[in-house]
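# predicted coordinates and the sequence they were generated for:
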Amino acid sequence: MHPIPTPTDPVSLPRRQWLRWSGGAALGVSGLALLPEMQAMAQQAQDFIEGPPVPNVAPQQLSPRVWMIYAKDGFPTQDNLGLMANILFVVTAKGVVVLDSGASLQIGQMAIRMIKTVTNKPVVAVFNSHYHGDHWLGNHAFSEAFGPDVPIHALAYSREQIAGHEGNLWRSLMERWTNQSTMGTKVVAPNRTVEHGQVFDYGDVQLKMHFYGKAHTPSDLSVEVVQDKLTYVADIAMENRIANMDDGSYPGTFKYYEALQKATGPQLWVPGHGRPGRDMLDSYGTFLKGIWEPCVQAVKDGVPLDQAKTLVLKDPRVASRAKTMDGFEANIGKYTSLAYLEAEKEAF
């Protein structure tokens with residue numbers, strides 16, 4: 001016979017069973033109302049299963065049809081509950097289209113609340129820019145709110161990665177980085193595959209898909225809102241944060257920028273991290289070239305990596321951002337090393 005669990009012994013119950021018990025046991029034998037202590041305990045149990053709600057962030061209108069829920073922090077913490085990546089939504093004649101869904105169930109739920117402050121139209125599609133979890137773990141909320149068949153689009157490689165190892169890896173990482181604040185989030189992978197050049201017609205506006213090879217990752221989708229002359233570029237460019245290049249390519253990024261600008265013409269470029277800008281690809285590209293070009297020259301001259309880092313830090317394109325760029329000190333060494341290694345491969 002199993003021992004009868006007590007309110008101070010939640011370990012003896014599975015978590016969901018404990019939640020049901022703690023929320024209702026005090027209403028049992030004597031018919032007493034739920035005591036404040038029991039209410040607090042029930043809330044703690046709920047928080048253990050599902051992280052706390054994310055405070056509302058009022059959407060900002062960027063163009064006639066496009067709104068942004070701005071994430072002011074570039075990195076996930078317990079304080080920001082994982083809200084580190086922008087969420088965009090496009091209000092169309094056929095419904096709302098979401099461009100990246102956030103880093104958790106709770107962030108996605110907040111985004112849905114904010115969409116409802118702008119329009120009562122339902123969400124009819126979600127697009128995931130790439131497979132890093134801060135951009136798609138919110139799929140769970142949209143699938144839950146609008147049904148499992150709501151179209152969630154991504155490039156084929158991103159879809160494969162999210163459905164595979166990367167999905168659970170990113171879910172676990174977000175929980176760890178936020179001290180379990182994203183608990184309860186499930187991996188909901190994209191259920192539709194998009195291709196470069198594909199155009200989606202939503203009545204009064206068309207969304208065009210762009211992909212020009214490896215940049216931030218091997219599968220970065222940029223989405224052009226054609227009539228608004230606005231393109232969401234996700235993480236191939238950032239306003240004031242040094243981007244993760246672990247899965248990416250420096251020369252691939254430069255080629256992507258050139259091809260995208262040629263295909264779209266002048267745009268309001270909207271990043272996954274930071275504020276939009278019309279010169280973002282040029283300004284961020286200049287910074288990346290300040291890392292890349294000294295490394296290429298160092299490899300040609302036989303200069304070792306440690307000296308190449310010194311050359312990068314002296315380059316005015318890099319030095320001018322050193323004091324103001326988020327995460328600069330923590331990341332410049334690593335991303336210089338990645339540039340140097342890629343330059344070595346290019347040389348051979």
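Sure, I can see it.

# low-confidence bits of the stretch 201-348 of the chain, can you list those?
Of all residues in the stretch 201-348 of the chain, none has pLDDT under 70.

# quick one, strands of it?
Along the stretch 201-348 of the chain, the segments classed as strands by DSSP state E, counting those that start in this stretch run 206-210, 222-225, 230-234, 268-271.

# what does the last one contact?
Under the criterion C-beta atoms under 8 Å, 6 or more residues apart in numbering, residues 62-63, 66, 68, 86, 88, 228-235, 237-239, 276-278, 280-281 lie in contact with strand 268-271. Every C-beta, even on glycine, is put in place using the N, C-alpha and C of the backbone.

# who's in contact with the residue most central in space within the chain?
Centroid check for the chain by C-alpha atoms, centre = their mean gives His135 as the closest residue, at 2.4 Å. Residues near His135 by C-beta under 8 Å, 6+ apart: Ala85, Asp100, Ser101, Gly102, Ala103, Asn128, Ser129, Ala234, Asp235, Gly272.

# of these, which is the nearest to Ile152?
Distances from Ile152 to the contacts of His135, taken as C-beta to C-beta, are shortest for Asn128 (6.6 Å).

# so that closest one makes contact with Pro190?
Yes. Asn128 is within contact range of Pro190, at 5.4 Å (criterion: C-beta atoms under 8 Å).

# what is in contact with those two at once?
In terms of C-beta under 8 Å, 6+ apart, Asn128 and Pro190 are both contacted by the residues Trp136, Asn139, Ile152, His153, Ala154, Ser158, Arg159, Ile162.

# next step: these restricted to strands.
Among these, the ones falling in strands (DSSP state E) are Ile152, His153, Ala154.

# most neighbours among the residues you listed, which one is it?
Ala154 (28 neighbours; other C-beta atoms under 10 Å).

# give me the pLDDT value at that residue.
Listed pLDDT for Ala154 reads 98.

# pretty sure it sits against Pro190.
Yes. Between Ala154 and Pro190 there is a contact under C-beta under 8 Å: 3.8 Å.

# which neighbours do these two share?
Asn128, Trp136, Ile162.

# what's the lengthiest helix in the chain packed up against?
Criterion DSSP state H: the longest helix present in the chain is helix 280-301. When contacts are defined as 3 or more C-beta pairs under 8 Å, 6 or more residues apart in numbering; DSSP states H and E, helix 280-301 packs onto helix 250-264, strand 268-271, helix 305-314, helix 316-319, helix 328-347.

# 10 Å instead?
strand 230-234, helix 250-264, strand 268-271, helix 305-314, helix 316-319, helix 328-347 (3 or more C-beta pairs under 10 Å, 6 or more residues apart in numbering; DSSP states H and E).

# ok, Pro148 touching Val188?
Yes. With contacts counted by C-beta atoms under 10 Å, Pro148 reaches Val188, the gap being 8.1 Å.

# more neighbours: those two, which one.
Using other C-beta under 10 Å as the criterion, Pro148 and Val188 rank with Val188 on top: 25 against 9.

# correct me, but that one touches Gly138?
Yes. The criterion here is C-beta under 10 Å, and Val188 meets it with Gly138 at 8.9 Å.

# I'd say Glu224 and Phe211 touch.
No. Taking contacts as C-beta under 10 Å, Glu224 lies outside contact range of Phe211: 11.5 Å.

# any common contacting residues for the two?
Common contacts of Glu224 and Phe211, defined by C-beta atoms under 10 Å, 6 or more residues apart in numbering, comprise Leu260.

# so what's Met110 closest to, chain neighbours aside?
Leaving aside its sequence neighbours, Met110 sits nearest to Val54 (C-beta to C-beta, 6 or more residues apart in numbering; 4.3 Å).

# can you measure across stretch 141-157, start residue to end residue?
Criterion C-alpha to C-alpha, to the nearest Å; first-to-last residue distance in stretch 141-157 is 23 Å.

# and this protein, what are its domains?
Domains of the chain are assigned by automatic domain parsing as 10-49, 60-278, 288-347.

# so which of these is the most surrounded?
domain 60-278 (a mean of 20; mean count of other C-beta atoms under 10 Å).

# for my notes, please list the ones in strands among the shared contacts of Asn128 and Pro190 in TSV and give distance to Gly248 for each entry.
Converted to TSV, these look like this (distance: C-beta to C-beta, whole Å):
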residue	distance to Gly248
Ile152	23
His153	21
Ala154	17
